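Asks: The sequence and its predicted three-dimensional model are supplied below.
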Amino acid sequence: MKKATFVSTVFILFLVISVMCYAQGNGKSNRNGQGFGFFGDFSDFSEVMDNGKFDIKKFENRIQSRMVRMIKNDLKITDEEWTIIGPRMNRVIDLTNNNNARLATFRKMSRKWYTDSGITIKAYDQEDKNPVETASDNLEKLVKNETATTEEIKEALTKLRAAREATQQELVKAQEELKEVLTIKQEAKLVMYGILE
């Protein structure tokens, strides 16, 4: 399993900050829509609400968009170059996050924090989940089920490992496709960020 990267660590940190901002602001920004404190409008959650429900996937996409924008600026990528590099980089980050067990655990913890704070989270259908999420959810349900058999748990565990391996293979391919459109300096920086190996 790929170790946690700088980007994944920052992603988790941003989630923590945002949970704190949301809890403090009860889902609303202050200071005329500019948010509050050091994080500015990071605490304005109006754009990630869906009929009064918190859309956590849209929220995570918002965080990733901000991270990627910072990386784009650091790599000095032009807007024209970004039309090619951007989608490939986002694909790599998505696959990395999907296969990150630590991030998956934190996502579940954050959902509990929101629920405990009285925040209604938008529910997602099974087809909206990636294969690792689906396999992980199924395994978790069996582990919590006192009547689940050893064979059922073994089968679910095998499926989770297979989903992770398939995602890892997709990630390797996506990383190679990203490297094809980078300069050597850009590639070096993305290795330091943990986006590339």
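Replies: Arrived safely. Only a predicted model underlies this, so the values are computations on that prediction, with no experimental measurement involved.
Asks: What strand or helix carries Arg161?
Replies: Using DSSP states H and E, Arg161 sits within helix 150-179.
Asks: Give the buried residues for that helix.
Replies: Neighbour counts over helix 150-179 (16 or more other Cβ atoms under 10 Å) mark 156, 159-160, 163-164, 167-168, 170-171, 174-175, 178-179 as buried. All C-beta spots, glycine's among them, are computed from the backbone N, C-alpha and C.
Asks: which among the residues you listed gets closest to Leu75?
Replies: For the buried residues of helix 150-179, the closest approach to Leu75 (Cβ to Cβ) belongs to Leu178, at 11.6 Å.
Asks: do you know how far the most centrally placed residue in the chain is from Thr83?
Replies: Centrality entry for the chain: nearest residue to the mean C-alpha point is Asn97, 5.1 Å, by Cα atoms, centre = their mean. From Asn97 across to Thr83, the span is 23 Å (Cβ to Cβ, to the nearest Å).
Asks: And Val68, by the same measure?
Replies: Distance from Val68 to Thr83, by Cβ to Cβ: 14 Å.
Asks: between the two, which one's more packed in?
Replies: Set side by side, Val68 and Thr83 show more neighbours around Val68, with 17 against 9, by other Cβ atoms under 10 Å.
Asks: doesn't Ser65 make contact with Lys58?
Replies: No - between Lys58 and Ser65 there is no contact under Cβ atoms under 8 Å: 10.4 Å.
Asks: name the helices or strands packed onto whatever helix or strand Met70 lives in?
Replies: Assessed by DSSP H and E, Met70 sits inside helix 56-74. Applying 3 or more Cβ pairs under 8 Å, 6 or more residues apart in numbering; DSSP states H and E, one finds that helix 56-74 makes contact with helix 6-25, helix 79-98, helix 101-116, helix 184-193.
Asks: what about the nearest residue to Glu152 once chain neighbours are set aside, neighbour count?
Replies: Nearest non-adjacent residue to Glu152, counting by Cβ to Cβ, 6 or more residues apart in numbering: Leu142, 5.5 Å away. Leu142 has 17 neighbours, counted by other Cβ under 10 Å.
Asks: where in this structure is pLDDT low?
Replies: By pLDDT under 70, the weakly predicted segments of the chain are 1-48, 114, 117, 119, 122-128.
Asks: one more time with 50, if that's ok
Replies: Within the chain, the set of residues satisfying pLDDT under 50 comprises 1-4, 26-43.
Asks: tally of neighbours for Phe59?
Replies: 22.
Asks: what about it, distance to Val68?
Replies: Phe59 is 15 Å from Val68, by Cβ to Cβ.
Asks: ditto for Asn61
Replies: Relative to Val68, and taking Cβ to Cβ, Asn61 is found at 10 Å.
Asks: Beta-bridge partners for the residue nearest to Thr120 when sequence neighbours are not counted, please?
Replies: Of all residues not flanking Thr120 in the chain, Lys53 sits nearest, at 4.8 Å (Cβ to Cβ, 6+ apart). Counting by DSSP bridges, Lys53 is bridged to Asp50.
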